[in-house]
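Participant: Next comes the sequence, and after it the predicted model I'd like to discuss.
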Amino acid sequence: MITSLIGLILRAAVVLAGTALITFTLLWNAPGDPAQAIAMARFDALLTQDIINQVREEAGLDAGFWTAFITWVGPLLTLDFGQSSVTGRDVWPDLLTAIGYVTPLAVGGLAIGLALSFSLAIVATRRPGGLLDRFAIAVASLGTAIPAYWLGLLLILLFAVHLAWLPAMGARTPSHIILPALTLGLGVAASLTRIIRSGILEARDQPFLSAIRRRGVSPKDISRDHIAPHAAIPVVTVFGLELAFLLEGVVMVEVIFGRPGLGTFLVNAIEARDFPQVQAVVVLTALIFVTVNLIIDVIYRIIDPRIGGRNA
Amino acid sequence: MNLSVSGLSATRSGRTILHPTSLDIAQCEYIALVGASGSGKSTLGHVLIDNLRSRGLRVAHVPQCPEEALDPLRSMRFHWHETERALGFDPGSTDKKTLFTALKIQDGDLQKRPWAWSRGMQQRFVIAMALISAPDLIVLDEPTSALDPIIAAATMDLLGQYRKGHDTAMILITHDLGLAARHASTLIVMHNGRIVEKASTVEVLKHPQTDAAKSLVAHRIWAAMPC
Amino acid sequence: MLKVDRVWVRRGSRFALENISLSLPPGKTLAIVGESGAGKSTLIATILGLLKPRKGDVTWADHSVRACGPALVMQEPRAAFNPALSLRRSVMEPIVARNEVVPHERIRRLSDSLELSLDILDRCPGEISIGQAQRLAILRALMTAPPLVLLDEPLSALDAATQKRTARLISDLQREERFAAMVVTHDLGYAVAHADEIAVIKSGRIEEVFTPQTFAMEPKSAYCRSLRDAAIALGALEEPV
């Protein structure tokens, strides 16, 4: 267990290092001159070559690729994202504001998604192939097929325009979060429902269940003690992937609903070629992603120690 | 206790796999249910267990292989306690030491999950679970076919010894008349979902009546050991 | 003649086969008897050239075994055929793969010997019995007239009566075709009834080699004695009179 945990952490570290390198390479090779873009954003005036060169030097952009990479990655290791190359302000406070907007949205979306998908899957698997089951599959397929931006617009049309129950744009009051979280949650639910459903059905097919039933164990206990753990394995797997979907969806949903947050932060940073801000978002996302997957891998090994074991 | 059931039958996707069947089992009787694959012998075993259980009788079931009896995600202790609870005992209150010693699995680590035990030990653990409540009947479904011969033989021997001290009847379900004839005193021959012959082992071996029984008897043994 | 000469095979951190020497002349049957994990499957893979021995060689008539075109029959008859293809296509595959002419006459003779009706070739694998599937797998293995046939637990998926019938058909065919057969089995009854020689292996080593006749006398090692006693207790062998 200990050795496999160390292995997992090492793997996570490699993924993070790779992410850092790829991010930096992409930014370095992006078309256009970052120094010029920064200078334009900062001074918004007629630019002389002198000013651009000065900016280039300040931002450490005149050194070679590897030198720039090393000077860049050093502070990142302590999560010091430096100052915005456009505004000159620290990255952290702005980023924290964005995170403050994003977190309730992501958590809310995830909660709605989990609640919906679990109840839908459990109802559906009561009678596999029955009417409810087919309904659940249809809803889930539909949900996967509808893109978030369209679903978002539909929800705005229904709840904000026609019924006027909920606000659509901005983030002024807590009720502003309901529609975006619902958009996000429905997307999550669509893909999770199918996985949970097939996980439960597959778990019910395990060969040992009829023997356990013949030992006199009640159906309720069998569901809790034997079917649930087996069904959990595929669900936990997909949950890690779902998180990637969620981070991507959050950016999209924020833009649709005009919410400030990570999406606006990221889009503005990219447009302004603000290296430090973009990097901060990418590094933080990668860190969250790798951490969650690390936790998932550990949960796996707790549910079924054969996974990743020597005798697997 | 004599057990008797009647009207057992089973269908699967519209096809009858077990025609209405009655069965009497005397106290301590050792019956072998033999037949080719697809003859309905396992099905008869299953519906027999379900029927007797529903009437409140204590029937234990030992499936063909440990994979069909134990959840790989749950520890041996969990299985043991679960079975105790299902039988109405407080977890940990039954005498597992005697059973484990008799079945020679007293050294097994109960914290471990099934796959950390050898298959032979897993199978004997399943048998131990079957013996917890001193059942009226034990149904063994091909208990040896998934085991290596030495362990299989030892397992059959342990079951035979257990029977000597208890009033437990046994039903051995097998396709192998050689195995059945070594252990059981009564043979029930099945063919196409019906019992076609029931008689003492000696009688069936000497005078098989039906074609199904004749075929089984003709193919009973590989070869007499050359001398 | 198959010669396995002082072969050592590593699997992972340990030797799965240690110093194995065997020989099998054409037309004879050698049974490899052992419990699961004894190295039986490793031995087959080594003979087929799928695993490279660390030391020692495996040869057929002084050449590599691969060169003689050996055939393999495996334990699970149903897994031997692609469920989506007709049996005819599956059975003809080795011929088609070698761009050879379909030996209709030979197929008819083999199917007669194996008591198979050729009609079943037009069915799908799910529509025939396990016993038929295994005989068909044997037919496919023998179609190219291999001098060496390896059978890995060929009977253990079948029921007792079918086992005995299939074993007899294999032996009869072998008498006609004169191929060398190596049978891996855990069933001593089968080995005693149908093999010319029995090699007992345990933990990757050869414990003893017998003929069925000498096996009746007391085996030397305690392990072989307990194997024999277990076979008797399970009704696979009759006790010597």
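Facilitator: Great, that's in hand.
Participant: And the strands in chain B?
Facilitator: For chain B, applying DSSP state E gives strands covering B:3-12, B:15-25, B:30-34, B:59-62, B:137-141, B:169-174, B:186-191, B:194-200.
Participant: what residue ranges in chain B score low on pLDDT?
Facilitator: Low-confidence segments of chain B (pLDDT under 70): B:1, B:223-227.
Participant: In it, where's the longest helix?
Facilitator: The longest helix of chain B (DSSP state H) is helix B:149-164.
Participant: list the helices and strands it packs on?
Facilitator: helix B:96-102, helix B:119-131, helix B:177-183, helix C:222-233 (3 or more C-beta pairs under 8 Å, 6 or more residues apart in numbering or on different chains; DSSP states H and E). For every residue, glycine as well, the C-beta is placed using N, CA and C.
Participant: buried stuff in that helix?
Facilitator: Neighbour-count burial for helix B:149-164, counted by 16 or more other C-beta atoms under 10 Å in any protein chain shown, picks out B:149-156, B:158-159, B:162-163.
Participant: what's the answer for stretch A:137-144, then?
Facilitator: So stretch A:137-144, judged by 16+ other C-beta under 10 Å, has buried residues A:137, A:139-140, A:143.
Participant: Check stretch A:266-273 too.
Facilitator: So, applying 16+ other C-beta under 10 Å, buried residues of stretch A:266-273: A:266, A:269, A:272-273.
Participant: Can you give me the distance of the residue in chain C positioned nearest to chain A to chain B?
Facilitator: Nearest residue of chain C to chain A (C-beta to the nearest C-beta) works out as C:Gly12 at 9.2 Å. Distance, C:Gly12 to chain B, by C-beta to the nearest C-beta, to the nearest Å: 18 Å.
Participant: list the contacts for A:Ala121?
Facilitator: A:136, A:192-193, A:196-197, A:200 (C-beta atoms under 8 Å, 6 or more residues apart in numbering or on different chains).
Participant: Find the nearest non-adjacent residue to it, please.
Facilitator: A:Ile196 (3.7 Å; C-beta to C-beta, 6 or more residues apart in numbering or on different chains).
Participant: right, and the helix or strand after the helix or strand in which that neighbour is found?
Facilitator: Element membership for A:Ile196 (DSSP states H and E) is helix A:178-204. Remark: after helix A:178-204, the chain's next helix or strand is helix A:209-214, criterion DSSP H and E.
Participant: Any idea how far that following helix is from the middle of the chain?
Facilitator: Relative to its parent chain, helix A:209-214 has a centroid offset of 40 Å by C-alpha atoms, centre = their mean, to the nearest Å.
Participant: quick one on the thing from earlier: which strands and helices lie in contact with the helix holding A:Ile196?
Facilitator: helix A:91-124, helix A:131-145, helix A:148-155, helix A:228-256.
Participant: Specify the stretch among the ones you listed that is closest to B:His191.
Facilitator: helix A:228-256 (37.3 Å; C-beta to C-beta).
Participant: quick check: angle from the closest one to helix A:148-155?
Facilitator: Interaxial angle, helix A:228-256 versus helix A:148-155 (axes from the mean of the first three to the mean of the last three C-alpha atoms, to 10 degrees): 80 degrees.
Participant: close to chain B, is helix A:228-256?
Facilitator: Yes. Helix A:228-256 lies within reach of chain B by C-beta under 8 Å from any C-beta of the partner chain, at A:229-230.
Participant: Toward the C-terminus, what is the element adjacent to that helix?
Facilitator: helix A:262-271.
Participant: Point out where chain C drops to low pLDDT.
Facilitator: Looking at chain C by pLDDT under 70, you get C:216-217, C:240-241.
Participant: how about the helices in it?
Facilitator: With DSSP H as the criterion, chain C has helices spanning C:40-47, C:87-97, C:104-113, C:130-142, C:160-177, C:188-194, C:212-216, C:222-233.
Participant: Is any residue of stretch C:155-169 near chain B?
Facilitator: Yes. Under the criterion of C-beta under 8 Å from any C-beta, chain B is reached by stretch C:155-169 at C:158-165, C:167.
Participant: before we move on, what about stretch A:301-310?
Facilitator: Yes. Using C-beta under 8 Å from any C-beta, stretch A:301-310 reaches chain B at A:303-306.
Participant: can you tell me which of those are in helices?
Facilitator: A:Ile303.
Participant: Can you say which of the residues of stretch A:301-310 next to chain B are buried?
Facilitator: A:304-306.
Participant: on that earlier part again, quick check: the two most widely separated of the residues of stretch C:155-169 next to chain B?
Facilitator: C:Asp159 and C:Ala167 (12.7 Å).
Participant: low pLDDT regions in the stretch 51-200 of chain A?
Facilitator: A:55, A:58-62, A:85, A:170-172.
Participant: residues in contact with stretch A:5-17?
Facilitator: Residues contacting stretch A:5-17 (C-beta under 8 Å, 6+ apart): A:286-287, A:290-291, A:293-294, A:297-298, A:308.
Participant: Using TSV, please lay out those together with neighbour count and pLDDT.
Facilitator: Output for the contacts of stretch A:5-17, formatted as TSV (neighbours: other C-beta atoms under 10 Å in any protein chain shown; pLDDT from 0 to 100):
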residue	neighbour count	pLDDT
A:Ala286	18	83
A:Leu287	15	84
A:Val290	18	86
A:Thr291	12	86
A:Asn293	19	84
A:Leu294	17	86
A:Asp297	21	84
A:Val298	15	85
A:Gly308	14	62
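Participant: Go through these and name the one nearest C:Thr144.
Facilitator: A:Gly308 (42.9 Å).
Participant: and the closest residue to C:Ile130 other than its chain neighbours, what does it touch?
Facilitator: Distances taken as C-beta to C-beta, 6+ apart place C:Pro77 nearest to C:Ile130, at 5.4 Å, with adjacent residues excluded. By C-beta under 8 Å, 6+ apart, the contact set of C:Pro77 is C:130-131, C:133-134, C:136-137, C:157-158.
Participant: top of those by neighbour count?
Facilitator: C:Gln134 (28 neighbours; other C-beta atoms under 10 Å in any protein chain shown).
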